[in-house]
Each structure stands twice: as C-alpha cells, then as structure tokens.
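>>> Predicted model follows, preceded by the sequence.
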Amino acid sequence: MTLPDLPSLMSTFSCIGAKNNTGIERLALSASDIEARLLLIKTMLNDGLHVYIDEIGNIYGLVKALTDSDRLVLTGSHLDSQPDGGRFDGQVGVLASLRVVSGCKERVWQQSGINLGVVNWTNEEGARFQPSLMGSSVFTGVLSIEDAVNCIDAQGVCVSEALDSFRSSLASGCDGLTQHEMTSRVSFASASTLRRATVGYAELHVEQGDRLESAGIDVGVVDSIWSAYKTDITVIGEQTHTGSTPMCKRRDALYAASRAVTSIFELGAGDPDGLLHTAVAWMQIVPNSPNATPSKVRFKVELRSACEDRVRAALSSFTDQLESLGEACGVQFQVEPWSARPASQLAGSLSEDVASLLRDNGLSVMRLSTIAGHDAVALSNAGIPSILLFVTSVAGITHNHHEFTSDSDLVKGESALVVAVNQLIFNGQN
C-alpha cells in the first residue's frame with residue numbers, strides 16, 4: 001500500500017470530529033476519537049504494520065512483530081484534541097510518523113536488531129480526563145494503570161469505561177475490515193514490555209508559538225523543557241441570598257476565587273523577562289445559581305517557567321496571597337499538593353547531531369525550548385533518548401480551531417522527522 005501524502009492524510013483524518021470548518025473536537029476516547037483510532041488502525045494494517053494496543057489504549061504500529069529481544073524506535077504523537085481544538089496539534093505527529101515508518105520499512109527489515117513503530121498516545125491533552133500525558137505516563141511507569149483507569153471526566157465516566165467503549169468498537173470492526181480481521185490482526189502488548197524494548201523516540205509537533213515564524217526558520221529542535229507546576233484549589237465560603245444578604249456579611253467563594261485568579265495572572269504578567277507563564281483555565285462553581293452566592297469554588301492553577309527558582313518564588317508568593325485573601329474574604333482556601341515537572345534538558349548531544357544533519361539537508365534550524373508539555377517530555381524524563389521537532393504555527397495560534405500550519409511546512413516537518421528517526425535507529429544500534 002502506498003500512503004497518501006501528509007496533507008492528504010491530514011485532510012482525511014480532519015473530517016473526523018470536524019468543528020467550525022477548520023477545527024476538530026476529539027476528546028480522548030470519545031466517539032470521534034474512537035473513530036479516528038479505528039481509521040488509524042485500519043491504515044496501519046493495510047500498510048502491513050503489526051498493530052498492538054496496551055492496557056491504557058496506546059496504539060502501536062510496528063514494522064516487525066514484537067519479540068522479547070527487540071530494540072524499538074518509536075515515533076508518534078496523539079489524535080485527541082482540545083474542545084473546539086485545532087487539527088494540527090498532535091495529529092501532524094501521528095500521521096507524519098505513519099508515513100515515515102512506512103517509508104523506512106525496507107531499511108528496518110535489513111537491520112535485524114532494530115524495530116520501528118508508530119504510536120498514538122492516549123489522552124495527551126488532558127481535556128476530558130486529568131492528568132494530561134496519560135498514555136505516555138503509563139508507558140513510562142510514572143502513572144500506574146490503576147490510578148489512570150480510575151480517573152473520571154465531568155460526566156462521571158471513568159477511563160476504564162471509556163476504554164471498554166474503544167475495545168467494543170474495535171471488536172465490531174470498521175469500514176473495510178471485518179470484525180474477525182480487526183480482532184485477529186490486533187494484539188495486546190503491555191506498556192511495560194514495550195517500554196523495556198524502546199531505545200529511542202521522535203515526535204513532530206506544531207510549535208504552538210510564533211518563534212519559528214517570526215525568525216523565518218523551517219524547523220525547531222527542542223533542547224530544553226520548561227517546568228510545570230499544577231494544583232487544584234477549593235474555596236469554601238457560605239451560600240446565601242444574592243439580594244437580601246448585606247455585603248459586609250457575605251463569604252462569597254467566587255469573589256475570593258476571582259481575586260486569587262487575578263493574583264496568579266499578575267504573577268506571570270509581571271515577570272520582567274517573560275519567563276513565567278501562569279493560568280487558571282478551569283473552574284467549577286457550587287451551587288451555580290443566579291440567586292445564591294457561591295459556597296464552593298474549585299479551580300485549577302498552573303505555573304510554568306524555564307527557571308526553577310523563579311517558579312518556586314512565585315509559588316511562595318501565591319501561597320502568602322491566598323492566606324491574606326482568605327482572611328479578607330472570610331473564606332478558606334484548600335490547596336491540593338502541587339504536581340511538579342521540573343525544568344530539564346532534552347536529548348543533549350543527540351539533538352545537536354539532529355540539528356546539524358537537518359542543516360546538511362538544507363533546512364534552517366532553531367534550537368529552542370518547549371513551554372508546553374508533550375509526550376516526548378514524558379519519555380525523555382524517563383531516560384529514553386527523545387527528539388522533539390517543531391514546525392511553524394501561523395501567528396502562534398493553538399488550542400483553537402484557527403490553528404494552522406501550511407502544507408509546505410508539513411512536508412518540511414516530515415523530512416526532518418525522517419532524519420531524526422534514522423539518527424535514533426543509528427543510535428539504537430550502538
């Protein structure tokens with residue numbers, strides 16, 4: 001089978017979960033995500049790949065059947081999206097990887113010690129189930145499968161139930177493949193088995209920023225990772241009438257929360273070097289009635305920085321502000337333990353080698369950091385040599401249906417991914 005070119009593959013997959021003409025909405029393990037997963041599996045099988053699914057639903061398409069002695073190089077990303085998200089975030093990496101693996105099959109067959117595969121990670125976005133990077137975190141062992149499958153979405157559906165829906169759809173077959181073909185040609189492999197075999201990982205992603213576009217550069221090679229600190233905060237106030245209760249007697253949880261949100265925003269906006277990014281992007285209000293002051297508000301906070309000292313100082317300042325706000329507003333702030341992903345380096349000399357090879361291949365290259373989290377970050381932090389490549393995001397727009405990357409930049413990204421994968425194969429042989 002000859003795969004369509006990358007822009008054509010993007011067009012086909014973008015019809016699944018299409019929204020607002022140019023975007024997609026494929027929350028992890030939703031009906032649209034499952035439809036995209038089935039199309040991916042069908043495409044892998046038709047291309048002669050050996051398909052495996054692990055316990056968290058990560059999908060792998062390998063050139064050779066998996067063996068205990070494999071040394072495996074993986075390349076991929078994710079098909080799930082944000083609500084009203086863009087069609088390039090994640091999907092570019094999966095489909096470019098599919099083409100790269102297909103094109104490298106003959107070489108891999110001749111390299112007896114190396115296997116090569118595409119991977120689609122489950123719930124990278126964390127839009128439906130938290131935490132994000134779920135599939136790659138289970139793969140690396142940072143998140144246990146027991147904790148992962150018990151995560152619950154806003155409607156009370158747990159990951160285990162969503163995975164059951166995926167498996168049920170898989171067993172039913174899909175367009176062009178019968179139920180028997182699907183179940184007989186798709187195998188189970190544990191994440192730990194695949195993890196032990198993996199000697200390298202490459203990921204192509206849209207930049208989700210405007211550094212490449214502003215500089216007129218073809219490809220970014222990521223060499224460092226910003227830290228990310230996240231927590232849930234609950235504000236406990238008192239429910240009362242919005243009209244009759246005197247203002248001086250109100251313990252309004254939403255008012256206190258709004259002041260905390262302002263504080264966290266100002267911490268980032270006030271950083272003199274722009275090296276601290278802060279956000280509150282999710283909030284839950286109880287009772288959420290127009291005539292009752294909120295008695296409880298829950299919201300999620302994140303701080304990201306290239307500098308570990310800077311984010312720790314911001315955390316200390318924010319903690320002090322919450323204490324003062326609690327006293328001033330007559331409420332209680334309950335802060336969950338912070339999850340921490342410290343700042344780190346990515347790939348080291350391997351990224352230098354890839355950058356040099358890309359320049360030799362006529363591509364202009366920028367070495368840069370990743371502010372956002374990606375599955376490559378999870379694998380790198382687990383000790384797996386990982387290469388993360390960026391292509392241009394027009395105007396830096398991302399997590400938005402206006403997200404866009406040109407066909408020519410997609411093709412450049414695919415060419416860069418070929419170089420990265422070949423370097424990982426070479427690296428894995430030594």
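Now that the structure is in, tell me what you want to look at.
>>> All the strands of the stretch 1-150 of the chain, residue numbers only.
Taking DSSP state E, counting those that start in this stretch to define them, one finds strands in the stretch 1-150 of the chain at 18-19, 23-24, 50-53, 59-62, 72-77, 85-86, 115-120.
>>> ditto for the stretch 251-400 of the chain
Under DSSP E, counting those that start in this stretch, the stretch 251-400 of the chain gives strands at 276-286, 296-305, 332-335, 339-341, 344-345, 365-370, 386-391.
>>> now the shortest one, how far from the centre of its chain.
Strand 344-345 has its C-alpha centroid displaced from the chain centroid by 18 Å (Cα atoms, centre = their mean, to the nearest Å).
>>> Could you list the low-pLDDT ranges of the protein?
Scanning the chain for pLDDT under 70 picks out the ranges 1, 112, 173.
>>> per-domain residue ranges of the protein.
6-210+345-428, 227-341 (the TED database).
>>> Same list (those) but as TSV, adding distance to residue 221 and mean neighbour count.
Placement of C-beta: from N, CA and C, glycine included. Converted to TSV, the domains of the chain look like this (distance: least, Cβ to Cβ, whole Å; neighbours: other Cβ atoms under 10 Å):
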stretch	distance to residue 221	mean neighbour count
domain 6-210+345-428	4	20
domain 227-341	17	16
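>>> one step back: switch the strands of the stretch 251-400 of the chain over to JSON lines; also include distance to residue 127.
Below are the strands of the stretch 251-400 of the chain laid out as JSON lines (distance: least, Cβ to Cβ, whole Å):
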{"stretch": "strand 276-286", "distance to residue 127": "10"}
{"stretch": "strand 296-305", "distance to residue 127": "12"}
{"stretch": "strand 332-335", "distance to residue 127": "23"}
{"stretch": "strand 339-341", "distance to residue 127": "17"}
{"stretch": "strand 344-345", "distance to residue 127": "25"}
{"stretch": "strand 365-370", "distance to residue 127": "19"}
{"stretch": "strand 386-391", "distance to residue 127": "21"}
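>>> closest to residue 255 out of these?
Residue 255 lies closest to strand 296-305 among the strands of the stretch 251-400 of the chain, at 9.3 Å (Cβ to Cβ).
>>> tell me what that closest one is packed against?
If you count contacts as 3 or more Cβ pairs under 8 Å, 6 or more residues apart in numbering; DSSP states H and E, strand 296-305 packs onto strand 227-236, helix 253-269, strand 276-286, helix 308-329.
>>> sorry, back to before: can the strands of the stretch 1-150 of the chain go into TSV with extra columns for distance to residue 159?
What follows is the strands of the stretch 1-150 of the chain, written out as TSV (distance: least, Cβ to Cβ, whole Å):
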stretch	distance to residue 159
strand 18-19	23
strand 23-24	21
strand 50-53	14
strand 59-62	15
strand 72-77	20
strand 85-86	20
strand 115-120	16
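>>> of these, which approaches residue 416 most closely?
Evaluated over these, closeness to residue 416 peaks at strand 72-77, with 11.6 Å, by Cβ to Cβ.
>>> on that earlier part again, closest one to residue 139 among the strands of the stretch 251-400 of the chain?
Judged by Cβ to Cβ, the one of those that comes nearest to residue 139 is strand 386-391, at 12.2 Å.
>>> Tell me the helix or strand right after the closest one.
Next in sequence after strand 386-391, counting helices and strands by DSSP states H and E, comes helix 407-429.
>>> circling back to that earlier point, could you dump the helices and strands packed on strand 296-305 into JSON lines with distance to residue 374 added?
Converted to JSON lines, those look like this (distance: least, Cβ to Cβ, whole Å):
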{"stretch": "strand 227-236", "distance to residue 374": "11"}
{"stretch": "helix 253-269", "distance to residue 374": "21"}
{"stretch": "strand 276-286", "distance to residue 374": "16"}
{"stretch": "helix 308-329", "distance to residue 374": "19"}
